[in-house]
Every structure is written in C-alpha cells, then in structure tokens.
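Q: pasting the structure only:
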C-alpha cells in the first residue's frame, strides 16, 4: 500500500460508536473564532453524530491556589476550577484570579515588573520547553457534571453541546510550538489514558502515546509560500512534518497536493490514511429565519472607522468577511470598489475584519476614512455575520492564497454572487454542486477587472429588482420590490439549509472513513 492511500479504500463508511476521541481546542481558545474555529466545531459535531464520545483538549489550566488555601471542600474547588476554565474559553484568555495580584496590577511600577517577569518566563520557556505530559499533568472536567452552568448558555461556547468533557493541560500547545522551533526531533510527548484516538484541528509537533490512532488536520502551507505571515517558518514546517506520522485530513485538494509535494517524503517509515474533506458552512439560521430575518428592512452596525452607527440596506452592499492582513488583499478590493464607481449609486462596501497595529491596517484605515460608503465593523458576532451574509448583494474574496475559503462557501450555499480570486481552493469550491453559477473567479492582477465584475453583479441584481415590479403602477412598485426582496432572502435561507445538511453529512462520512482507514492500516501492521 502506498502513502497515497485513498479515503478508506476497502473500508465501508460507518459510525464511530464506542470510540472515545480527544480533539484539540487551540483555535477555539482564540479571542476571535475564524476559519479553523469553524472547522473545529464541525469536527466536534461530526464525531458526536457519528456516535463517538468526544472530549476537548485545552491548554487553559487556571490556578486554584487561592481556593485550596481557603480550605474549601474538593467538590467546591472542582466547581470553581470548571468555571475558570469555561471563562477562559469564553473570553479567549486566561484570567489571573489572585486578588492581591489583581490589586497590585493597578500600580504602574508593579505592572512594569510583571511585564518584565512575563518576558523572562517566556524566554526561559523558549529555552526549556516542557517535553512531556503524562496523566498527572492533566485535569479532566466531565461536561455532564457541570449542572445548570451559565457558560453552557453562551453562544460562543455552543460547541460544548457536542462535547462530553474537557482535558486541561497547561500551555500544551505553546510548548509544542516552542519545541518545533528548536532542533529537529524535539517533539512533545503526550501520554493519554482511556482514549482511542486524537484528532488535531491544526498541525501539531506532538507524539501521542497509548492511543489507537492519531489524525492531524492540515489547512494550508501558507507560511511557507508567503513571507508576510507571523508564523515561525521552521517551526511550522516541523509541525507539518509531524503530520507524516499520523492520519491526515486536508481541507482542500490543493493543500493535499502542496503537502505531498513539499513535505511528505517518499521514504516515510509508515503509511497512513488521508482524505480531503469539505468542511461545513459556518452560518446557522434560527427556526423562524424565513418569517423574521428574511423581512428586516435594514441593518444597523457600528462603524469602527467613523465611530458611529451606520445603516445597510438589503442587497445594497458588498461584503468582505475576513481578517485584515496582506494575503487577504483588502487594499486591492478597496481600490477596485472606488474605481467601480458603484458608491455613486448607493452601493456600499462592508468590511468585517478587525484592524491590527501594523502598516497594512494603517493604509486600510486611511482609505476607509476618506470614503463614507465603506463600513468597517471590526469583528462581529455570529448573529450579525449571519445577517450580513443573508442581506448582501455579493461577497468579495480577493485573497492571494487560501487553504479553503469559508466566506466563499457560505455565500455560494446561500446562492449569493461571489467575486473571488482564482486560487486553487476557490476553484475547488466553484466546482461543487451548482456553485459555478454563483462564484465568479477574477484575476487580481488588475483592479479594473474587479471593478468591472462589481458593476456586473450590481447591474444583475438591479435588473432583477426592476423586473419584479415591471408594469406596476408607481404607488405599488416599492411594495412589490419589497416583496421580491423578502422572497429572495427566504429562497437563500431554504437553499442554505438544504446544502448545509448535504455538506454536513458528507463531512461526517469523510472523517469516519479516514479514522476507519487509519485503524485498519495500523491493525494490519
């Protein structure tokens, strides 16, 4: 059997009943839940629906020294510890619970001392990262033991409904990254007890003992292809190399090809299963969306640049939904929007990415400030994102390189027009279902091409709007156009739900096949 073992060749797709699987939570720990966080939630849901018992590995392991010192019962201490872990996941950061430390942080001198100590700790940690985690370094929180907890009602933590418990290992992902940045062969060892397997939601420099299988997820090779990223190139390369010793889930055929060309060695000591999975779209519409959200007259959002509320009319704006960094190519799409001249006809550009403290974001902010029809919202919650997609005229995704492209998938599932760069991952999305009718791939070599594409999609939707009221008296025209808009949004929701169900089922089946194939390969020796 060669290293390109297809998805579960000779192994029927089936359920994962009886398997206890641990999934890494690294991207669910970030303050902003972006693409890989969406993928992580999809993995949890797929495993649960396939019948597996699902646990989450988090590096949030807050101190309860103050609780222990108080002499409170162990049952009380466990409840407090669980609350602190959930608070960290909910806020995207670990909080200091030492009352004296919190008080002293208000004193400028102490704050400076604390910063110096943090830098020293990071320096020492970089030189001497932890190399092994065993059972004594892990703390378990069974979710079923968390009764009527307020955090279980948090939208951000909604994925916990698909989780049976949490395993806390202090800074385990940080130590894994640090080891990857050192000499080759420095791999973090994790000894688990009571689990059948582990799925990482991004490449990790890790070896896991006492489990039947390990499957690593690979999203892209972007830090190796594009210099303007913040990743440690050597460390990232070693994390990718560690995936050669496990089963592999790729989010696109393009990523699989790049990985096997640049990373996978033909002399790999053991062959492993792999597969390309199409991850689930990220939007979730409530049950009454067709009756309620499909009928809202306008959206009101806070503009981060103008520092005030702005309104967006349905089907009167283009949407850019992504982080603000050079490879996402936001400056390009801003220039194309200005060149298109569609703002003179009341069309706006809405940007949901959050600006950073760098030169690229400064240039973006300068352009946004000079154009009142460009709305910069910063990071938005899931409900707002859902409404922005539902009511958009079109979505623009000019990214120079992508592992997959969730915004393009979300828009195509809705039946929205999408103007996207011709990256291989976008081409793969365009080839799914009927998406070729909705995804327009446009070269990013010239802004004029994108300006023309913007005018094209604006003209198309405006013709549909006018045709909906053609032949009507003037006093009924606006009413008919409003009815047309409501029906359009209802169609988008119904289409999205149907495609989401289809893609979810295929995603679950793909993950199950990879796990089964990996188990079969390992059992065969």
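A: Sure thing, it's come through. Because the structure is a prediction, the values reported are computed rather than measured.
Q: shaky segments in the protein?
A: Within the chain, the stretches with pLDDT under 70 are 1-14, 96-115, 117-128, 266-270, 304-308, 471, 474-475, 525.
Q: pull the longest helix from it.
A: Ranked by residue count and defined by DSSP state H, the top helix of the chain is helix 474-523.
Q: starting at the chain centroid, how far to that one?
A: Centroid separation between helix 474-523 and its chain, computed with Cα atoms, centre = their mean, to the nearest Å, is 17 Å.
Q: so which elements touch it?
A: Here helix 474-523 touches helix 35-49, strand 213-218, strand 247-250, strand 274-276, helix 382-391, helix 406-414, helix 447-468, going by 3 or more Cβ pairs under 8 Å, 6 or more residues apart in numbering; DSSP states H and E. C-betas here are computed from N, CA, C, even on glycine.
Q: measure residue 186 to residue 91 for me?
A: Taking Cβ to Cβ, to the nearest Å as the criterion, residue 186 is separated from residue 91 by 32 Å.
Q: ok, the residue located most distally from the centre of the chain to residue 248 distance?
A: Distance to the chain centre peaks in the chain at residue 473, reaching 48.0 Å (criterion: Cα atoms, centre = their mean). According to Cβ to Cβ, residue 473 stands 63 Å off from residue 248.
Q: over to residue 483?
A: 50 Å.
Q: who has more neighbours, these two?
A: Neighbour comparison, residue 483 and residue 248: the larger count goes to residue 248, with 25 against 12 (by other Cβ atoms under 10 Å).
Q: give me the neighbour count for the closest residue to that one other than its chain neighbours.
A: Among residues not flanking residue 248 along the chain, residue 274 sits closest, at 4.1 Å (Cβ to Cβ, 6 or more residues apart in numbering). Residue 274 sits with 26 neighbouring residues when counted by other Cβ under 10 Å.
Q: does residue 274 touch residue 515 like I think?
A: No. Residue 274 is beyond contact range of residue 515, at 11.6 Å (criterion: Cβ atoms under 8 Å).
Q: JSON lines for the helices and strands packed on helix 474-523, including distance to residue 29?
A: Below are those laid out as JSON lines (distance: least, Cβ to Cβ, whole Å):
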{"stretch": "helix 35-49", "distance to residue 29": "9"}
{"stretch": "strand 213-218", "distance to residue 29": "16"}
{"stretch": "strand 247-250", "distance to residue 29": "20"}
{"stretch": "strand 274-276", "distance to residue 29": "26"}
{"stretch": "helix 382-391", "distance to residue 29": "17"}
{"stretch": "helix 406-414", "distance to residue 29": "19"}
{"stretch": "helix 447-468", "distance to residue 29": "36"}
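Q: out of these, nearest to residue 201?
A: Of all these, helix 35-49 sits nearest to residue 201, with 4.3 Å by Cβ to Cβ.
Q: helices and strands around the closest one, which ones?
A: Packing partners of helix 35-49 (3+ Cβ pairs under 8 Å, 6+ apart): strand 20-24, strand 53-58, helix 474-523.
Q: how does it look with 10 Å?
A: If contacts are counted by 3 or more Cβ pairs under 10 Å, 6 or more residues apart in numbering; DSSP states H and E, helix 35-49 sits against strand 20-24, strand 53-58, strand 197-200, strand 213-218, helix 406-414, helix 474-523.
Q: would you format the ones you listed as TSV with distance to residue 466 included?
A: Below are the helices and strands packed on helix 35-49 laid out as TSV (distance: least, Cβ to Cβ, whole Å):
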stretch	distance to residue 466
strand 20-24	50
strand 53-58	51
strand 197-200	51
strand 213-218	47
helix 406-414	22
helix 474-523	8
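Q: among those, which is the most enclosed?
A: Of all the helices and strands packed on helix 35-49, helix 406-414 has the most neighbours on average by mean count of other Cβ atoms under 10 Å, namely a mean of 27.
Q: tell me the angle of that one relative to helix 382-391?
A: 60 degrees (axes from the mean of the first three to the mean of the last three Cα atoms, to 10 degrees).
Q: can you check what angle separates helix 406-414 from helix 35-49?
A: 60 degrees.
Q: tell me the SS of residue 395?
A: strand (DSSP: H, G, I helix; E, B strand; the rest coil).
Q: roughly how far apart are it and residue 319?
A: Residue 395 is 5 Å from residue 319, by Cβ to Cβ.
Q: give the residues shared as contacts by residue 274 and residue 515.
A: With contacts taken as Cβ atoms under 10 Å, 6 or more residues apart in numbering, residue 274 and residue 515 have 215, 247, 249 as neighbours in common.
Q: how far away is the nearest residue to the first one once chain neighbours are set aside from residue 148?
A: Right, the one you point to is residue 215. Spatial nearest neighbour of residue 215, chain neighbours left out: residue 247 (3.9 Å); criterion: Cβ to Cβ, 6+ apart. According to Cβ to Cβ, residue 247 stands 38 Å off from residue 148.
Q: neighbour count winner among these two?
A: More crowded of residue 247 and residue 148, by other Cβ under 10 Å: residue 247, with 24 against 6.
Q: so the more buried one sits right up against residue 277, yeah?
A: No. At 11.8 Å, residue 247 and residue 277 do not qualify as touching, with contact defined as Cβ atoms under 10 Å.
Q: overlap of the contact sets of the two?
A: 217, 514.
Q: if you go through the stretch 101-250 of the chain in chain order, where are the helices?
A: 108-127, 172-180, 222-225, 233-242 (DSSP state H, counting those that start in this stretch).
Q: burial measure for the nearest residue to residue 500 once chain neighbours are set aside, as a count.
A: Nearest-residue entry for residue 500: residue 281, 5.4 Å, with adjacent residues in sequence omitted and distances by Cβ to Cβ, 6+ apart. The number of residues packed near residue 281 is 22, by other Cβ under 10 Å.
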